[in-house]
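# the amino acid sequence is not available; the structure is as follows:
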Ligand code: GMT
C-alpha cells in the first residue's frame, strides 16, 4: 500500500505512535509518506520505503495567524496526486482530520477518491475537541472520515458521549517495539544517580496541566520521607517552572533531576524502579507502556484508558485523580524489595501484549477493510 501519514512531528504521544507505525509499515514493504511541518522526532532511520514531505507555509504580513491547515491540505493534495497514494492516515483530529476532508474534496473534484482514516488520540477529544470553538469541525470531520480509530475503549466511549458521531469507531491500542524498548544494562548510570542504592522513580510527559506535575512532586516528597529515593523528570512544558519551585519549597531539589526532552528514554527507564503517571486524563498512557516494557511498574490514576493498560495490583496500582496519599502508600508497597521483583516481571509481561508485532497487522487489516469500502464509494 502507499500510505500518507499526517501527524504532529513532536515528542507528543500521537506523533510517536504515528511515526513508529509508519516505520513499521515501511519495514513490511509499504510505501509510507509522512506529511508534517518538520521532520518527526522519531523518524530517525533510513528506509527505502520512507518519505518525508514538509508542509511549506510562508508568513505573510496580513496574517496574524498562519493558515497552517490550508497549507497542509494543499500539501496532501499534491502528495496524494504525485505519489499516487492509496490512503491518508491522519493522527490527532485537530486540525488534521478537517484538513484531510478539504484535501479529499479537492481531489474528488479532480476525479480522485482518497480514503481518510482518522485516529483519535486523546486531548483532541477529551480537552481541545470538546471546546465549543472546535466541536462542530471535529464532529463533522470525524463523521466524514472513511475510517475512525481510537486508542482505547474509554476514548471511543467518550467520543460517542460528547459528539454526535454516526461513524463506527475501531479501537486499536497504542503499541511498543519491544526490540527497542527493553531493559538495558546501565548499572553505571544507576550508580551515578543513586550512589547509595536509593529507589529511582521516573516521570515522563510534556508537563502540561493535564499531567498533574505537582502530584508527581508531592508523591515523591512523601515517599522520600519514608525511604531513600531519587526522582528523574523527563520532558518539558508549561508546568516545569511550577515543579521546580515546589522542589525548592519542599527542600528536595538535591534528589530531583529535570532531564528535559530526552530521545533515549529507554536508557533512563532501564534503571528505574517505579513510574508515576498521576494524570487528570489519559486516553491510553503510552509513556506508562514504555516504562512497563523496560520492566518498570506503574502508579497511575484510574482515569480514561489507564485501566485498560495498568492492571490493579499486578503491574502497579491505580488511584483516584488527586489522591496523592493513596498513590504514596501504593508506591511504597511496590518499592518494597519483597514486592518489587514481582511487579517488574508483571509489567514486562503486560507490555508484551502490546508489542508492535501484534498491533501492526490490526492496522493493516483495518486499512484493507477501508480500501474495500471506499472502492465501492468511489464508483458511486
Ligand atoms: O498529552 C499527551 O500525552 C500527548 C498526546 C498526544 O496526542 O500527542 O497523547 C495522547 O496520545 C497518546 C498516544 O495515543 C496517548 O497514549 C496519551 O494517553 C494521550 N494523552 C492524553 O490523553 C492526555
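Good, I have the coordinates. Quantities reported herein were computed from a predicted structural model and do not represent experimental measurements.
# hey, what's the residue lying closest to residue 168 once chain neighbours are set aside bridged with?
Using C-beta to C-beta, 6 or more residues apart in numbering and skipping residues adjacent in sequence, the residue nearest residue 168 is residue 148, 7.1 Å away. Any C-beta I mention is one placed from the backbone N, CA and C, and that applies to glycine too. Judged by DSSP bridges, the bridge partners of residue 148 are residue 118.
# Provide a list of residues in contact with residue 148.
Contacts here follow C-beta atoms under 8 Å, 6 or more residues apart in numbering; on that basis residue 148 touches 117, 118, 119, 120, 142, 165, 167, 168, 169, 170.
# what residues are up against the closest residue to the last one other than its chain neighbours?
Translated: residue 170. Spatial nearest neighbour of residue 170, chain neighbours left out: residue 149 (4.8 Å); criterion: C-beta to C-beta, 6+ apart. Residue 149 makes contact with 117, 118, 119, 120, 169, 170, 171, 172, 366, according to C-beta under 8 Å, 6+ apart.
# quick one: the fifth one and residue 312, what's the gap?
In this structure, residue 169 lies at 26 Å from residue 312, with C-beta to C-beta, to the nearest Å as the measure.
# now swap in the third one and tell me
Summarising the geometry, the distance separating residue 119 from residue 312, computed by C-beta to C-beta, is 27 Å.
# likewise the second one?
Per C-beta to C-beta, residue 118 is found 32 Å from residue 312.
# quick one, which of the two is more surrounded?
residue 118 (29 against 12; other C-beta atoms under 10 Å).
# quick one: that one and residue 150 touch, right?
No. Counting by C-beta atoms under 8 Å, residue 118 stays clear of residue 150, with 9.6 Å between them.
# what are the boundaries of the strands in the stretch 101-250 of the chain?
With strands called from DSSP state E, counting those that start in this stretch, the stretch 101-250 of the chain shows them at 116-120, 147-150, 170-171, 199-204, 229-234.
# please indicate which of these has the most neighbours on average?
strand 116-120 (a mean of 27; mean count of other C-beta atoms under 10 Å).
# list the helices and strands that strand packs on?
In this structure, strand 116-120 packs against helix 13-27, strand 87-91, helix 93-109, helix 135-144, strand 147-150, helix 356-378, with contacts taken as 3 or more C-beta pairs under 8 Å, 6 or more residues apart in numbering; DSSP states H and E.
# so what touches that strand?
With C-beta under 8 Å, 6+ apart, strand 116-120 has contacts from 14, 17-18, 87-93, 96-97, 100-101, 104, 141-142, 144-151, 155, 159, 169, 172, 283, 366-367, 370.
# check whether it contacts the ligand.
No. Strand 116-120 stays clear of the ligand (C-beta under 6 Å from any ligand atom), getting no nearer than 7.7 Å.
# next: stretch 263-270.
No. Figure legend: stretch 263-270 not in contact with the ligand (C-beta under 6 Å from any ligand atom); closest approach 13.3 Å.
# stretch 343-363 now?
No. Contact of stretch 343-363 with the ligand (C-beta under 6 Å from any ligand atom) is absent, the minimum separation being 10.8 Å.
# who touches that stretch?
20-21, 24-25, 28, 172-178, 181, 183, 289, 291-293, 295-298, 309, 311, 314-316, 334.
# so residue 180 touches residue 266, yeah?
Yes. With contact defined as C-beta under 8 Å, residue 180 reaches residue 266; the gap is 6.7 Å.
# put the buried members of the contacts of stretch 343-363 into a PyMOL selection.
This is how PyMOL selects the buried members of these, with burial counted by 16 or more other C-beta atoms under 10 Å:
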select buried, resi 20+21+24+25+172+173+174+175+176+177+178+181+183+289+291+292+293+295+296+297+298+309+311+315+316+334
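# in whichever strand or helix holds residue 329, which residues are buried?
Residue 329 belongs to helix 324-335 when assigned by DSSP states H and E. Buried residues in helix 324-335, counting neighbours by 16+ other C-beta under 10 Å, are found at 324, 326, 327, 328, 329, 330, 331, 332, 333, 334, 335.
# low pLDDT regions in this protein?
Residue ranges of the chain with pLDDT under 70: 11, 379-380.
# check it and tell me which residue is nearest its centre.
In the chain, the residue lying closest to the centroid (C-alpha atoms, centre = their mean) is residue 13, at 2.0 Å.
# might you report the residue contacts of it?
Remark: with contacts taken as C-beta under 8 Å, 6+ apart, residue 13 is in contact with 121, 122, 174, 284, 286, 287.
# nearest to residue 195 among the contacts of residue 148?
Checking the contacts of residue 148 against residue 195 by C-beta to C-beta gives residue 119 as the nearest, at 43.8 Å.
# what about that closest one, distance to residue 208?
Distance from residue 119 to residue 208, by C-beta to C-beta: 20 Å.
# cool, and residue 351?
Shown here: residue 351 relative to residue 208, a distance of 24 Å by C-beta to C-beta.
# swap in residue 231?
For residue 231, the distance to residue 208 - C-beta to C-beta - is 19 Å.
# same question for residue 273.
25 Å.
# contact residues of the stretch 251-380 of the chain facing the ligand?
Proximity of the stretch 251-380 of the chain to the ligand (C-beta under 6 Å from any ligand atom) is limited to residues 281, 282, 283, 284, 285, 286.
# and those residues, which is closest to residue 302?
The closest of these, once distances to residue 302 are taken by C-beta to C-beta, is residue 282, at 9.9 Å.
# surely the closest one is in contact with residue 306?
Yes. Using C-beta under 8 Å, residue 282 is in contact with residue 306, at 5.3 Å.
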